[in-house]
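Trainee: prediction below, plus the sequence it came from.
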Amino acid sequence: MTASAEYLIALAGNPNCGKTTLFNAITGARQHVGNYPGITVEKKEGVHLFNGLKLRLVDLPGTYSLTAYSMEELVARDFLALERPQLVINIVDASNLERNLYLTIQILELGIPVVLALNMVDAAASRGIEIDAEELSRRLQIPVIPTVARSGTGKLELLEKTAEVAAENRSWKPLHISYGADIDPVLDQMETDIAGSDFLLDFYPARWIALKYLEADEQVINKGAEVNPELSSRLEALADHVAEHLQKTLETYPEAIIADHRYGFISAVLKAGVVHNSQRSDRLYLSDQLDQVLTNRFFGPLIMLVILYAVYKATFDYSALPVEWLNAGFTTLSAWMQTIIPPGLLQSLIVSGIIDGVGGVLSFIPLILFMFFAIAFLEDTGYLARVAYMLDRVFRTFGLHGSSVMAYIVSGGIAGGCAVPGVMATRTLRSPRERLATLLTAPFMNCGAKLPVFAMLIAAFFPARHAQMMFLLTIFSWIAALSMARIIRWTILRGPSTPFLLELPPYRMPTLKGLLIHTWERTWQYIRKAGTIILALSILFWALMTFPLLPDARKSQFEADRQQILSQLPEDTRTSLMQPGIAQDGLTREIAKASQRIRAIDRAESEATLQHSYAGRIGMALETLTQWSGFEWRTNVALLAGFAAKELIISTLGTAYSLGGADLDAGMSLSRRLASDPQWNRLRAFSLIVFIMLYAPCLATVTCIAKESGAVKWALFSLAFNTTAAYLISAAIYQGGLWMGIGG
Amino acid sequence: MFKNWKRNQACPCRCPKASESCAQPLSNAKAGKRFKVCAISGGRNLCGRMASMGIYPGVEMEVVCGGCGCPCVVRVNGGTFSLGSGVSQKIMVTSAV
């Protein structure tokens, strides 16, 4: 054994057994969170150096079994079979030993060396449960180490034992359990058949494969059919025969018999002296008492509303200041860049393309940080499971899951959220169809970037009803999101609702370390992945709005106009007037007037440039289509820019209407401009509001959708679907309004 | 005669029609009472999945909240589970003595 020996070690256990807490306690911040390829189950890896040994630890997702009932179980099993770790640290909750050992038995049946971490012995002791670890170790013939992951008790012994067992480099020795007179003979026969033919044996022991055939495990059977179709169908026939026989004679499934014998084995292991239970099992503990209030039929939903609102408020309030700092930082950076780089394409690229684009994304970071912290807190305390439980019935009607509520609220269910953390919040959803439907519809909510546009349009066209309109829009977005989810679940994500089956873990105080690690890891993932893609796309958008440049003839025309005004002024004021952002006071009235005229020409040039660019051309080409919703090319360009970031809608609309984009009160002057424009009216404004609410999510969100759903096609789908829905609905509103004679 | 003996000896997942006392699905069970699972009728997959969570024929559970419209809540051994109506309709229980 060399000093640089490296061992691969998997951490396995039931959900909520303290597995991740133990993982954090061992690896600290030296961990890496990624996704398993193609799916969204998080894969956590960490390295721990112990006495010169390098332990590479992988935190498997929490599972109840190793049969492929869920994505998590599949991932855990594949990892064990394909990566073949040296050993598994199996974490079991000491206060619920019987059920936790069910997984242990299955790992032992696979044959991997196991070290059992008997976790939360303190909590068990407070419930009157004492476990004789030595006796348990003797009966299971594996090392058993009592631990308390939260405080780190037993961590060192666990690592010592782990290093010791890993160094032995044992081969896999499957545990042999008897499954009774009905199953054992077939199991033996299948085992001999498999062992004789080198069938999937690189991955699993023969008896284990046979057992999976009996349990009708689709994944193993499909794999088997690929490797050796003949043997596979023979095994299937045997399994079917047993199932049929059991159904006929005992009216039961093979699964039930297998489970019964496993639990039988477990109770044999635990009986006579391993577990001492000195208290009545039906005593109410603090956690149960809390539940009587928090999930109470009347107070539960009320308290939930308060808590969700508090989370939302805290997330956005606490992040407001850092977001402002970041924005201020980027503004300063832009200003500084403008002074060191001469005006021209390069300056424009760096300032408008790169800094604005990447800055726009990076300024989300505090928001995401706080959102993940809040969600990690709700998740780790165990409250999120209760929220899902209480809301499941409502959301199920729309084909969603109780946990969908978090994503909706964060996305802007309470106006002013952000779809980026909202989409990422869907990670707490376990069922794939419901999760996809949630992350596709969450962007319909009114995020903080849409609000200024709404405020501008409301101020222009519905000045007396600001609050009512905002409330109406919030309700409208909920209705839109829920009904779109229903439509999606009836069509492309068709399929029965995943049965609602959720463990409500006991309430626990989360550890700060765990919260910080989770928050940081998830945020870092966002910075890295979203940052790179968004950089590329924001440069693309900059190019769309910049090229092709205005022809020289028209450029010189604007220049000539400016020169003409300048030539009427005295020599000494000319140069100072040409500088942008010059102070207007202290100038004579005549010069101030000239200055205003020059600015007007500048703005007209910006408008002409925008109209001439690809974006402008696209906007005009789209007019034929968007006139049905009441939008002309200026609006179209603004909406196009809004795809890069919704914040850009106002500034682009400002440019398109020849208003100074840099004016501090751009929103208000635009509002006045639109209100006085004869082409605009309430109907058109409302149609635009609805369109903006529903159309394609911004770039940052789309990037997140691609990442979270694991497929670019869903991101493209959300672009197409949302835009189509927005177009149809706004067109219906506009045409309906015209027909009823509103606006006209 | 022999068949009956066998049934009583090793019948972990009896079907409801055969058994006299499998009176009701869990979805109808009253809150605050203890029940014994006598069958899971929802197909092999559900049966196996429930077993891995510690809910299998023969197990006693306490119904914490039931029949209130939300998914019902049961306490089994040390764990608390919330089961949607789709699931709880398929778990047949009889009141435990």
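Mentor: Perfect, I can see it now.

Trainee: the closest residue to chain A within chain B: neighbouring residues, count only.
Mentor: Nearest residue of chain B to chain A (CB to the nearest CB) works out as B:Gly84 at 2.7 Å. For every residue, glycine as well, the C-beta is placed using N, CA and C. Applying other CB atoms under 10 Å in any protein chain shown, we find 23 other residues in the vicinity of B:Gly84.

Trainee: for B:Ala39, which three-state class applies?
Mentor: Using DSSP: H, G, I helix; E, B strand; the rest coil, the secondary structure recorded for B:Ala39 is strand.

Trainee: which residue packs closest to the residue of chain B closest to chain A, ignoring adjacent ones?
Mentor: Distances taken as CB to CB, 6 or more residues apart in numbering or on different chains put A:Phe500 closest to B:Gly84, at 2.7 Å, once the chain neighbours are dropped.

Trainee: enumerate every residue touching that neighbour.
Mentor: Contact analysis of A:Phe500 by CB atoms under 8 Å, 6 or more residues apart in numbering or on different chains lists A:392, A:396, A:401-402, B:71, B:82-87.

Trainee: tell me the one among the residues you listed nearest to A:Ser538.
Mentor: For those, the residue nearest A:Ser538 by CB to CB is A:His401; the value is 33.8 Å.

Trainee: quick one: the closest one from A:Asp380, how far?
Mentor: Using CB to CB, to the nearest Å, we find A:His401 at a distance of 20 Å from A:Asp380.

Trainee: okay, the two: which has more neighbours?
Mentor: Taking other CB under 10 Å, A:His401 and A:Asp380 do not tie; A:His401 has more neighbours (28 against 20).

Trainee: the nearest residue in space to that one that is not next to it in sequence: neighbouring residues, count only.
Mentor: The shortest distance from A:His401 to any non-neighbouring residue, by CB to CB, 6+ apart, is to A:Glu434 (3.9 Å). Using other CB under 10 Å, A:Glu434 is surrounded by 27 other residues.

Trainee: how about the residue nearest to B:Gly84, phi and psi?
Mentor: The phi and psi values for A:Phe500, taken as degrees, to the nearest 10, are phi -80, psi 120.

Trainee: same deal with the one 3 residues further on?
Mentor: Dihedral pair for A:Glu503: phi -80, psi 140, per degrees, to the nearest 10.

Trainee: ok, it - contacts?
Mentor: By CB under 8 Å, 6+ apart, A:Glu503 lies in contact with A:15-16, A:385, B:53, B:79-82.

Trainee: at 10 Å instead, please
Mentor: Residues near A:Glu503 by CB atoms under 10 Å, 6 or more residues apart in numbering or on different chains: A:14-16, A:62, A:64, A:99, A:382, A:385, B:53-54, B:76, B:79-82.

Trainee: for A:Ala388, same thing?
Mentor: Per CB under 10 Å, 6+ apart, neighbours of A:Ala388: A:395, A:401-406, A:428-430, A:500, A:502, A:504, B:71, B:82.

Trainee: pLDDT value on the closest residue to chain B within chain A, please?
Mentor: Across chain A, no residue is closer to chain B than A:Phe500, which sits at 2.7 Å (CB to the nearest CB). Predicted confidence (pLDDT) for A:Phe500: 79.

Trainee: one more: A:Gly264?
Mentor: A:Gly264 carries a pLDDT value of 91.

Trainee: also B:Arg7?
Mentor: B:Arg7 carries a pLDDT value of 39.

Trainee: with respect to A:Thr511, which of the contacts of A:Ala388 is nearest?
Mentor: For these, the minimum distance to A:Thr511 (CB to CB) is 18.8 Å, reached by A:Thr428.

Trainee: where does pLDDT dip in chain B?
Mentor: Residue ranges of chain B with pLDDT under 70: B:1-22, B:67-70, B:97.

Trainee: spatially central residue in it, please.
Mentor: A centroid search over chain B (CA atoms, centre = their mean) returns B:Val37, at 3.1 Å, as the residue closest to the centre.

Trainee: contacting residues for A:Ser676?
Mentor: Contacts of A:Ser676 by CB under 10 Å, 6+ apart are A:Ala460.

Trainee: now do the one 10 residues further on
Mentor: Contacts for A:Phe686 (CB under 10 Å, 6+ apart) come out as A:457-458, A:461-462, A:469, A:472-473, A:630, A:730, A:733-734, A:737, A:742-743.

Trainee: ditto for A:Met484
Mentor: Here A:Met484 is in contact with A:398, A:437, A:440-441, A:444, A:694, A:721-722, A:725 (CB under 10 Å, 6+ apart).

Trainee: A:Leu49 should be in a helix, yeah?
Mentor: No - A:Leu49 is assigned strand when assessed by three-state DSSP, not a helix.

Trainee: and the closest residue to it other than its chain neighbours, backbone torsions?
Mentor: Distances taken as CB to CB, 6+ apart place A:Leu55 nearest to A:Leu49, at 7.5 Å, with adjacent residues excluded. When read as degrees, to the nearest 10, the backbone of A:Leu55 gives phi -100, psi 120.

Trainee: so what's the residue count around A:Ser671?
Mentor: Counted with other CB under 10 Å, A:Ser671 comes out at 20.

Trainee: my read is that it contacts A:Ala459, right?
Mentor: Yes - the pair A:Ser671 / A:Ala459 is scored as a contact, 4.6 Å apart, by CB atoms under 10 Å.

Trainee: one step back: does the residue nearest to A:His401 sit in a helix, a strand or a coil?
Mentor: Recorded secondary structure, A:Glu434: helix (three-state DSSP).

Trainee: list the buried ones in whatever helix or strand A:Leu688 lives in?
Mentor: Per DSSP states H and E, A:Leu688 falls inside helix A:682-694. Buried residues in helix A:682-694, counted by 16 or more other CB atoms under 10 Å in any protein chain shown: A:683-694.

Trainee: dump those to JSON lines, plus pLDDT.
Mentor: Converted to JSON lines, the buried residues of helix A:682-694 look like this (pLDDT from 0 to 100):
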{"residue": "A:Leu683", "pLDDT": "91"}
{"residue": "A:Arg684", "pLDDT": "91"}
{"residue": "A:Ala685", "pLDDT": "91"}
{"residue": "A:Phe686", "pLDDT": "92"}
{"residue": "A:Ser687", "pLDDT": "93"}
{"residue": "A:Leu688", "pLDDT": "94"}
{"residue": "A:Ile689", "pLDDT": "94"}
{"residue": "A:Val690", "pLDDT": "94"}
{"residue": "A:Phe691", "pLDDT": "94"}
{"residue": "A:Ile692", "pLDDT": "94"}
{"residue": "A:Met693", "pLDDT": "93"}
{"residue": "A:Leu694", "pLDDT": "94"}
